[in-house]
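Quick one, structure for this:
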Amino acid sequence: MTSIDFVVAKDDLDQCKVIATELPGADALPPDALLVKVERFAFTANNITYAVMGDELKYWQLFPAPNGFGNIPVWGFGEVIASRHPNVAVGERLFGYFPMATHLVIEAADVNKRALRDGAEHRKQVSPVYNLYSRVTGDPAFAGHQGDLQALLRPLFMLSFLVDDFLAENDDFGARTVLLSSASSKTAFGLAHLLHTRGRRVIGLTSAGNTDFVTSLGRYDQIVTYDRVTSLPPDVPVAFVDMAGNSALRAGLHRHFGERMKCSVRVGLTHRATDADEGELPGAKPRWFFAPDQIRKRAKEWGPGGIEQRFGTAWSGFASLLERSLTVVDSHGPEAVRQIYLDTLKGRIPPEQGHMLSLLG
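Here you go, the predicted model:
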């Protein structure tokens, strides 16, 4: 059994290739293992962040690749085509974290009616959220176009939800205005919606070419292009959520607002700008936001099902906005996957597009 995998060079993300990986056949699977065909998966700028942070946050550990290369994790759908687990049937459909590949072997554990976990040894050191697979056979919310929206935006909206929760529990660090860089990104859109719902003033920072799209989202109180950020009043307390990862932009905002910069949270790396030595910046010290930490905290405080219930309520309020703001584009085959990967890496994907990919022909 052979899987086709799309891998990238860890030290040079511009270098990518397709490789063949040998898998055990159905008769050679270990006990409780599943052989899953990866049907389709979402690919967004957030997956580029996974690649940039692959070593630091252990994303490369999830799906091993040949030395020097990594397989970028993606959210998508798979079909069980062989099963050694008595409670998982062939033909079942799973939603979760997959490699950019045609197949995956899952060591099924903690199987219940709604989900199962991959108990593979090499996946035990990452956050449990990345090892969970929802059993979505027959669920209309995960079928067709609705399923595409789930794959493209539900994981990103979970990040939006967790950042908003972090800010809210800290009373936005005394700020009532929140700046979001890379305002056209899907994670920023979700966060802007949640902040807007809470009555916060939301300022979107974006490039001139994306201004019309960001305006059309209707969730930003003000939109400012990157070359105009110093036109913002410097005497207003602000919180900054950095989706872009551009160190020059971050340093400029800190120096502009000074001690009025009450919170500075790094979330994404859509610009892929190399961090420069910023020195000591005025205002709140920039910090990375790591979603699994917030998940663990809230799971303990809110108890079983607490996160899912609150997130479900938030998602239902956001889902109605998606139909008019996102066009889903399907691409199939290794060459198509390569092209969308490189276009995303280079920032050439229009913000109104969401890409669903498959390495299957």
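
so where's the chain uncertain?
Along the chain, segments meeting pLDDT under 70 span 269-278.

neighbouring contacts of stretch 167-176?
178, 195, 198, 200-201, 237-239, 241, 262-263, 265, 284 (C-beta atoms under 8 Å, 6 or more residues apart in numbering). C-beta coordinates here come from the backbone N, C-alpha and C atoms, glycine included.

Now for Gly283, which secondary structure element holds it?
Assigned by DSSP states H and E, Gly283 belongs to no helix or strand.

All the helices of the chain, residue numbers only.
For the chain, the helices defined by DSSP state H cover 45-52, 144-169, 186-197, 211-217, 247-257, 291-302, 306-322, 334-345.

between those, which gets nearest to Glu92?
With C-beta to C-beta as the criterion, Glu92 lies closest to helix 144-169 of these, at 14.7 Å.

Please identify which of the helices of the chain is closest to Val224.
Among those, the nearest to Val224 by C-beta to C-beta is helix 211-217 (9.2 Å).

So which bits of that closest one are buried?
The neighbour-count check on helix 211-217 (16 or more other C-beta atoms under 10 Å) flags 211, 213-214, 217 as buried.

picking up where we left off before, most tightly packed of the helices of the chain?
Stretch with highest mean neighbour count among the helices of the chain: helix 186-197 (a mean of 24; mean count of other C-beta atoms under 10 Å).

so what secondary structure elements neighbour that helix?
Packed against helix 186-197 by the contact rule (3 or more C-beta pairs under 8 Å, 6 or more residues apart in numbering; DSSP states H and E) you find helix 45-52, helix 144-169, strand 177-180, strand 201-206, helix 306-322.

so the last one versus helix 291-302, what angle?
By that I understand helix 306-322. Angle, helix 306-322 to helix 291-302, by axes from the mean of the first three to the mean of the last three C-alpha atoms, to 10 degrees: 120 degrees.

Distance from helix 306-322 to the middle of the chain?
With C-alpha atoms, centre = their mean, to the nearest Å as the basis, helix 306-322 stands 16 Å off its chain's centre.

Please apply the same query to the third one.
For strand 177-180, the separation from the chain centroid amounts to 20 Å (computed by C-alpha atoms, centre = their mean).

Convert that strand to PDB, retaining C-alpha atoms only.
This file holds the C-alpha atoms of strand 177-180, laid out as PDB (Å, rounded to 0.1, in the frame of the first residue of the first chain):
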ATOM      1  CA  THR A 177     -10.000  49.400  21.000                       C
ATOM      2  CA  VAL A 178      -8.400  46.300  19.500                       C
ATOM      3  CA  LEU A 179      -6.000  46.400  16.500                       C
ATOM      4  CA  LEU A 180      -5.900  43.400  14.200                       C
END
